[in-house]
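Enquirer: quick one, fold the following:
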Amino acid sequence: MMKIENTVRDLIAYGLERSLIGADDVYYAANGIFDALQLEPEGDFDPHGGTAERPLEDMLAELLADAVNRGVIAGGIASRDLLDTRIMGVLTPRPSEVTAAFAAREKESPAAATDYFYRLARDTDYIRTYRVRKDRKWQAETPYGALDITINLSKPEKDPAAIAAALTKKQDAYPKCLLCVQNEGYHGRLDHPARQNLRLIPMTLAGENWFMQYSPYVYYNEHCIVLSARHTPMVIDHNTFVRLLQFVTRFPHYILGSNADLPIVGGSILTHEHYQGGRYEFPMARAGIRQEVQFSGFEDIRAGIVNWPMSVLRLQGNDTSRLVELADRILCAWRNYKDEAADILAFTDPEGRICQADYAHLPEGVAPHNTITPIARCRDGLFELDLVLRNNRTTEEHPLGIFHPHAELHHIKKENIGLIEVMGLAVLPARLLGEMEQLRQAMLDGLDIHAIPELAAHADWADGIRSAYPAYRRDAAAETIRTAGRAKAEEELAGIIEKEIGVVFSQVLEHAGVFKNTPAGNDGFLRFVSTLNR
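Expert: Reported below is the predicted structural model:
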């Protein structure tokens with residue numbers, strides 16, 4: 001009992017040192033922690049005198065281990081997360097306090113406000129930094145510049161079919177989804193994470209109530225989520241562009257983008273309207289303009305086709321209303337556009353046959369296929385909108401999508417290509433970490449990858465690597481190890497595999513591009529642009 005009491009004292013000291021609680025809160029907070037632990041402290045317990053020097057994860061681990069030993073919780077990760085979130089919720093300031101602190105700091109600067117809010121998300125363990133830091137991250141050079149690669153170890157991958165099914169699933173649970181405002185302070189359950197330490201910043205976008213929070217998985221620096229107060233499906237329309245530009249006007253050091261609003265080309269949650277952004281320069285932002293284009297009546301807007309594996313129009317100007325007007329015109333034109341030579345069809349009937357329709361007056365049963373993934377940012381005193389053209393049509397040959405990673409790339413990336421991947425950051429599943437280590441050892445040992453069931457999906461790819469790097473062919477690997485040493489060969493091959501994963505990711509993005517980076521694809525892109533100038 002004494003050890004647990006000391007750990008509670010240390011947690012109180014941590015809360016004081018991080019300004020999560022004040023001196024008048026220590027008894028209140030200690031009692032809240034003991035209540036969560038279902039423990040009664042000794043009669044003379046004093047919460048003062050702890051140390052804030054211990055890592056938060058160590059303190060929580062001690063409390064969780066004791067709770068498991070006493071039978072308060074089961075030993076699984078879900079039960080542990082429910083309890084440690086409840087504990088940290090005791091130390092987390094009330095929403096009204098957070099909103100007031102954010103507003104006070106925003107008077108200094110927008111960056112001061114987000115600095116405070118991001119630090120709070122980490123200090124309260126909403127962002128479990130000790131898990132996130134386990135993610136593997138590197139850059140890989142490609143013909144489109146350096147792409148960012150991460151192997152996600154803190155969040156399970158989602159199946160595209162499950163994402164689509166969620167759109168039609170009856171949603172009667174509370175909260176309805178992970179992005180609903182009702183999550184703030186929610187106690188959680190085994191199939192829904194606790195959120196006592198989640199805080200939201202309210203804001204008005206396009207005249208509606210929206211909120212900002214941070215992603216608990218932080219795939220990149222200050223990865224924020226901006227979500228609607230209403231549980232309503234994703235939609236890309238005129239107001240999408242208005243909201244994105246209003247947000248970056250208020251927080252010019254952040255970018256903000258939206259996943260597309262159709263299955264396959266959308267993100268992992270299509271049932272709740274939301275955007276993602278943060279303080280990070282994505283590879284797509286670093287890409288230059290491959291070809292400038294002009295739009296009649298918008299000579300004040302600089303526009304061009306971005307040198308990127310996907311099909312991107314970049315608009316740049318100093319008048320957000322003009323950018324919105326042009327972006328809306330492009331969206332409306334793309335919604336109804338077809339180019340059968342490029343496999344781009346705007347609409348199909350329930351049997352999957354090509355049909356004529358107007359997106360603004362869509363007949364029942366007709367499926368739309370064209371949409372846009374938009375991204376807004378401020379740069380050099382101007383506003384930018386990147387409009388990524390998307391199409392979600394499927395065929396028997398490509399049942400997961402014509403403009404989706406094809407089957408030969410699924411061993412690396414099968415999931416939807418959402419906003420984050422579109423911008424050049426690959427979020428790859430955790431399974432790859434073990435598979436790549438096993439593959440590296442098998443290649444060094446000169447084994448036949450096709451004969452290893454766990455690695456069979458990577459076998460053709462591995463054959464290609466061996467062809468490109470003869471020192472690691474089956475008949476040469478032993479000599480490479482003999483001359484260079486096993487450790488040096490392991491290090492070199494690890495770098496080669498990481499580089500080749502980057503090459504695969506660039507191919508993934510090429511597959512998702514509706515107009516390919518070929519002369520024919522470029523001609524097709526310009527044909528679409530020309531329709532806007534008629």
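Enquirer: per-residue pLDDT, residue 150?
Expert: pLDDT recorded at residue 150 is 96.
Enquirer: any idea how many residues pack against it?
Expert: 16 (other Cβ atoms under 10 Å). Any C-beta I mention is one placed from the backbone N, CA and C, and that applies to glycine too.
Enquirer: in the helix or strand it falls within, which residues are buried?
Expert: According to DSSP states H and E, residue 150 maps onto strand 145-151. Buried residues in strand 145-151, counted by 16 or more other Cβ atoms under 10 Å: 145, 147, 148, 149, 150, 151.
Enquirer: quick one: strands adjacent to that strand?
Expert: Applying DSSP bridges, strand 145-151 is found paired with strand 136-142 (antiparallel), strand 425-428 (parallel).
Enquirer: which residues are in contact with it?
Expert: With Cβ atoms under 8 Å, 6 or more residues apart in numbering as the test, strand 145-151 has contacts from 135-140, 219-220, 282-283, 286-287, 424-430, 432-433, 498, 501-502, 505-506.
Enquirer: of the residues you listed, keep whichever come out buried.
Expert: For the contacts of strand 145-151, buried by 16+ other Cβ under 10 Å: 135, 140, 219-220, 282-283, 287, 424-430, 432-433, 498, 501-502, 505-506.
Enquirer: select the longest helix from this structure.
Expert: helix 486-512 (DSSP state H).
Enquirer: what angle sits between that one and strand 145-151?
Expert: Taking axes from the mean of the first three to the mean of the last three Cα atoms, to 10 degrees, one finds helix 486-512 and strand 145-151 inclined to each other by 110 degrees.
Enquirer: which other helices and strands contact the helix or strand following helix 486-512?
Expert: Next in sequence after helix 486-512, counting helices and strands by DSSP H and E, comes helix 519-531. Secondary structure elements in contact with helix 519-531, counted by 3 or more Cβ pairs under 8 Å, 6 or more residues apart in numbering; DSSP states H and E, are strand 289-293, helix 320-335.
Enquirer: identify, out of those, the most deeply packed stretch.
Expert: Of all the helices and strands packed on helix 519-531, helix 320-335 has the most neighbours on average by mean count of other Cβ atoms under 10 Å, namely a mean of 19.
Enquirer: after it comes which helix or strand?
Expert: Using DSSP H and E, the first helix or strand after helix 320-335 is strand 347-348.
Enquirer: tell me what that following strand is packed against?
Expert: strand 367-368.
Enquirer: can we see that at 6 Å?
Expert: If you count contacts as 3 or more Cβ pairs under 6 Å, 6 or more residues apart in numbering; DSSP states H and E, strand 347-348 packs onto no helix or strand.
Enquirer: pLDDT of it, averaged?
Expert: For strand 347-348, mean pLDDT rounds to 96.
Enquirer: and for stretch 430-445?
Expert: Here stretch 430-445 scores 96 as its mean pLDDT.
Enquirer: which residues are contacting that stretch?
Expert: Identification of contacts with stretch 430-445 by Cβ atoms under 6 Å, 6 or more residues apart in numbering yields 151, 152, 153, 449, 455, 458, 472, 477, 493, 494, 497.
Enquirer: just the buried ones out of those, please.
Expert: For the contacts of stretch 430-445, buried by 16+ other Cβ under 10 Å: 151, 152, 449, 455, 458, 472, 477, 493, 497.
Enquirer: now for those: which two are most distant?
Expert: Farthest pair in those (Cβ to Cβ) is 152 and 477. Separation: 30.1 Å.
Enquirer: quick revisit: tell me which of the strands paired with strand 145-151 lies nearest to residue 203.
Expert: Of all those, it is strand 425-428 that lies closest to residue 203, at 25.1 Å by Cβ to Cβ.
Enquirer: centre of the chain versus the closest one, how much separation?
Expert: Centroid separation between strand 425-428 and its chain, computed with Cα atoms, centre = their mean, to the nearest Å, is 8 Å.
Enquirer: low-scoring pLDDT stretches of the protein, where are they?
Expert: For the chain, applying pLDDT under 70 flags the ranges 155-171.
Enquirer: need the residue closest to the centroid of it.
Expert: By Cα atoms, centre = their mean, the mean C-alpha position of the chain lies nearest to residue 420, the distance being 5.2 Å.
Enquirer: sec struct for it, please.
Expert: helix (DSSP: H, G, I helix; E, B strand; the rest coil).
Enquirer: contacting residues for it?
Expert: Counting by Cβ under 6 Å, 6+ apart, residue 420 touches 219, 427.
Enquirer: quick one on the thing from earlier: compile the contacts of stretch 430-445 into CSV and extend it with columns for distance to residue 97.
Expert: Output for those, formatted as CSV (distance: Cβ to Cβ, whole Å):
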residue, distance to residue 97
151, 37
152, 32
153, 33
449, 56
455, 52
458, 51
472, 58
477, 61
493, 52
494, 47
497, 48
